[in-house]
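K.L.:
Okay, here's the prediction I keep looking at, along with the sequence it came from:
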Amino acid sequence: MKKLVLMLGLPFLFLACNDDDSGPGLPPEVEINDQFNGDKKGWTAGFADYPVKMETDWKLEEGIANLPAPLDTQKKGFRISGNNHSDDLFMYFKKKVTGLKPNQEYNAAFTLEFASDAPSEGWAGVGGAPNAVSVGIGAVPVEPKTTVDNLDHYRMNIDKIQQKNDGKDMKIIGDVGNGTDKVGYKLLTKTGAFKGKTDASGNLWLIFGTDSGFEATTTLYYTSVKVKLTETTTK
């Protein structure tokens, strides 16, 4: 009798495993809350739309640094800076998120906090005003990175924002204007959402950054980035 019970139980166990062969299941929402108060939290900074080997002339810089006055100089941010000689400098940050559902579309809701000294009005500039620098966000299944084109310029391998225009892989959520008519650093918050699909392994690359139409130096200090990833449903 004991052998009979075991034999009857085996098919049941086999069917039970097949009903859910994906394990305990992944959460439908994932939240990222990165504060740049001492390290980069896994984000990588990069630049594009400039000539090869011209990093020094373009004054391309990135790294954790103390906030500038009149902000609290005891606090830190992820500083990024560049001199936009090309009238099209792209300065960005990227991070890989793993452990999501494979081939699943997610809504990525971003909240960016950063400091900018660019006045919002009353100033002219070379090529554009100091606030002619668009802020964009995106979420893509491939790693965003630079490639070299046939003119020996660094270009992105994704369809990013282009000054005031959205791309297929990124969208604009605002600009770097500080909300005043004076030069001076202010903390700003920009929010927006973008839908992106994971790859076959459940990976998704988050990206945010700026594309400039201001032909001079833009220096920003990102203090935090929050991203809420929520599964979307398709009918």
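P.N.:
Good, I have the coordinates. What you see is a predicted model; the values in this text were computed from it and never measured. Numbers count the residues shown, from 1 in each chain.
K.L.:
residues making contact with stretch 150-163?
P.N.:
47-52, 86, 88, 90, 92, 132, 134, 136, 138, 140, 142, 144-149, 167-172, 207, 209, 211-213 (Cβ atoms under 8 Å, 6 or more residues apart in numbering). Where you see a C-beta, it was placed from the backbone N, CA and C, and this is true even at glycine.
K.L.:
what's the distance between stretch 227-235 and the middle of its chain?
P.N.:
17 Å (Cα atoms, centre = their mean, to the nearest Å).
K.L.:
what mean pLDDT does it have?
P.N.:
Computed over stretch 227-235, the mean pLDDT rounds to 86.
K.L.:
helix or strand for the most centrally placed residue in the chain, which one?
P.N.:
By Cα atoms, centre = their mean, the mean C-alpha position of the chain lies nearest to residue 207, the distance being 2.2 Å. Assessed by DSSP states H and E, residue 207 sits inside strand 204-212.
K.L.:
just checking, what packs against that strand?
P.N.:
Judged by 3 or more Cβ pairs under 8 Å, 6 or more residues apart in numbering; DSSP states H and E, the packing partners of strand 204-212 are strand 90-97, strand 105-116, strand 133-140, strand 217-231.
K.L.:
Within its sheet, name the partner strands of the longest one and how each one runs.
P.N.:
Using DSSP bridges, strand 217-231 pairs in its sheet with strand 29-35 (antiparallel), strand 76-83 (antiparallel), strand 105-116 (antiparallel).
K.L.:
try the third one
P.N.:
According to DSSP bridges, strand 133-140 has the following sheet partners: strand 171-175 (antiparallel), strand 204-212 (antiparallel).
K.L.:
Which SSE is immediately downstream of the shortest one?
P.N.:
Stepping forward along the backbone from strand 171-175, the first helix or strand reached (DSSP H and E) is strand 186-197.
K.L.:
Strand partners (parallel or antiparallel) of that next one?
P.N.:
By DSSP bridges, strand 186-197 pairs with strand 105-116 (antiparallel).
K.L.:
Quick one: mean pLDDT over the strand it pairs with.
P.N.:
98.
K.L.:
No further queries at this time; thank you.
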